[in-house]
Structure formats: C-alpha cells, structure tokens
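# Sequence and computational prediction follow.
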Amino acid sequence: MRTEMLRPGGGPVRVLVVDDEAPLAELLSMALRYEGWEVRSAGDGVGAVRSARDFRPDAVVLDVMLPDMDGLAVLGRLRCELPDVPVLFLTAKDSVEDRIAGLTAGGDDYVTKPFSLEEVVARLRGLIRRSGTAAAAVRDESLLVVGDLTLDEDSHEVVRGGEGIHLTATEFELLRFLMRNPRRVLSKAQILDRVWSYDFGGQANVVELYISYLRRKIDAGRTPMIHTRRGAGYLIKPGG
C-alpha cells in the first residue's frame, strides 16, 4: 500500500515536463508515469506556455536553459496562465546565485543536473502536497488495472473479466510493462531493454513472438486490448 496523489475530482495528477534534451525529458516523463501521473512534455518555452494553457498541469518541471528563451522568462509567462502552479527548476548550474535567482523569480524548488529520478519525484510530491492541488489516496501498489484486466505484481495473478490467465515469467514481465504504460506506444527497443534487460543482437522479432503469445491468452475470444502501431511499437488499452 502507498499514498497516491489524486486531483480533487479523482483523476491523475498532471505534470508538464519542459526540457530541450529529448532523452532526458522522455526519461523523466516515464518515471512520472510510473507514479500514475499524466504527463506532457515541451522542448522550448513557447511550447511550454502553449501546453500549460491547454493541459492545466498541477506541477511543472522546468529546465532553466531552453533554446528560445530563458527558463525564468518562461516561468513569468506560466504564472500569468497558472499563478499558483508549483514549479521545480532543473539546471546544470549549481552556483548559489543561480539558485537564488530561480527561487526569487518564483520557482518553488531547484534540482541540479545530474540528479536522480527518485529525487525529482520526491520533490514534486512535496510541492504538489503543499500546494493543495491534489488529495492523497491509499492505493494498492501491487495491483495494475487496465479495463477488465488486472495484474497483481505480488501474487503474479492475472485476471480478465473474472477469468484467471496463466502466464510464463517472460509473458508476465511483458504484460506488466505494457500495463504500467497504458495507452502508450512502447517500441521494440524499449521492450527488449525493460523485459529482457540486454541487447538481443538485432533479434527484435522475439518481441513480436511474445506479443503473439500474450494476445492468444489475453485477447482470444475477447475485445482486443493489445494493439500494434506499425513502425512504432505496441500498446495496451481497455477493450471496446
């Protein structure tokens, strides 16, 4: 059991990640999605302001150095749209002056690169909790649910529509990875790295093989949940 952050209406917390380093932004986004949060990202200041206006995030992770404008300028524009949204600065700068400048400009916290993902998540949880924009709820951390499909990470039980499904260890790990990222397209490379934990030497067809195994057990005779996005990867979403 753990305490999970939820919006007042019961929906997932929304976080906007703003960083022009695409790999870092993707890594951060994935870590935040593992928390059960809804995440959008932007690679520059203009995109950040536009996304904030549409997405209405509960918190923002903001890189100080952006290609089109200074992060402090972006913060000023964000405050016009969302005056109370907590902002966590990311920066490669570590001088006291830079920290003071960011906090004085209205930032709520400051993390210096390189940083641990756990630290960023912990800082964000603290900011969101103090801002009062999300309520705490106790959730069973071991249970993953997508539509009528449930997976218990502790007991390794998998059930769809009330019917138990037996999976091999590898099938279970593949399904767990998909269910931890519902509605998100995962590439073969991402799946190989997460499920098999090493380079298969180009034998990415092993992913196709195990996806077919899962489909036979999860989707057979039911509305399909596991989908292929040709040239991109695979995703799971509720049937129907």
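Arrived safely, thanks for sending.

# what's the helix or strand for V111?
Per DSSP states H and E, V111 falls inside strand 109-112.

# Average pLDDT for that strand, rounded please.
Averaging pLDDT along strand 109-112 gives 82.

# buried sites along stretch 174-194?
Buried residues in stretch 174-194, counted by 16 or more other Cβ atoms under 10 Å: 174-182, 184, 186, 188, 190-192, 194. Any C-beta I mention is one placed from the backbone N, CA and C, and that applies to glycine too.

# Which of these fall within helices?
L174, L175, R176, F177, L178, M179, R180, K188, Q190, I191 (DSSP state H).

# Against S212, how distant is the first one?
Same thing as L174. 11 Å (Cβ to Cβ, to the nearest Å).

# Repeat that for the second one.
The gap separating L175 from S212 is 13 Å, by Cβ to Cβ.

# what's the weakest-modelled helix or strand in this structure?
Here the helix or strand of the chain ranked lowest by mean pLDDT, DSSP states H and E is strand 135-139, holding a mean of 45.

# who touches the next helix or strand after that strand?
The first helix or strand that comes after strand 135-139 along the chain, using DSSP H and E, is strand 143-146. Applying Cβ atoms under 8 Å, 6 or more residues apart in numbering, the contact partners of strand 143-146 are T150, L151, D152, E153, R176, M179, R180, P182, M225, I236, K237, P238.

# Listing partners with orientation, what would you give for strand 143-146?
strand 149-152 (antiparallel) (DSSP bridges).

# which outside residues touch the next helix or strand after the strand it pairs with?
Heading C-terminal from strand 149-152, the first helix or strand you meet, by DSSP H and E, is strand 158-160. Residues outside strand 158-160 that contact it (Cβ under 8 Å, 6+ apart): 148-152, 164-167, 172, 175, 218, 222.

# How many neighbouring residues does A122 have?
By other Cβ atoms under 10 Å, 11 other residues sit near A122.

# Look at A92 and say how many residues are nearby.
11.

# I meant L66, not that one.
21.

# cool, and the one 3 residues further on?
Using other Cβ under 10 Å, M69 has 15 other residues around it.

# tell me the contacts of it?
Counted by Cβ under 8 Å, 6+ apart, M69 has contacts D44, G45, V46.

# If we only consider the residues you listed, which is nearest to L28?
D44 (16.0 Å; Cβ to Cβ).
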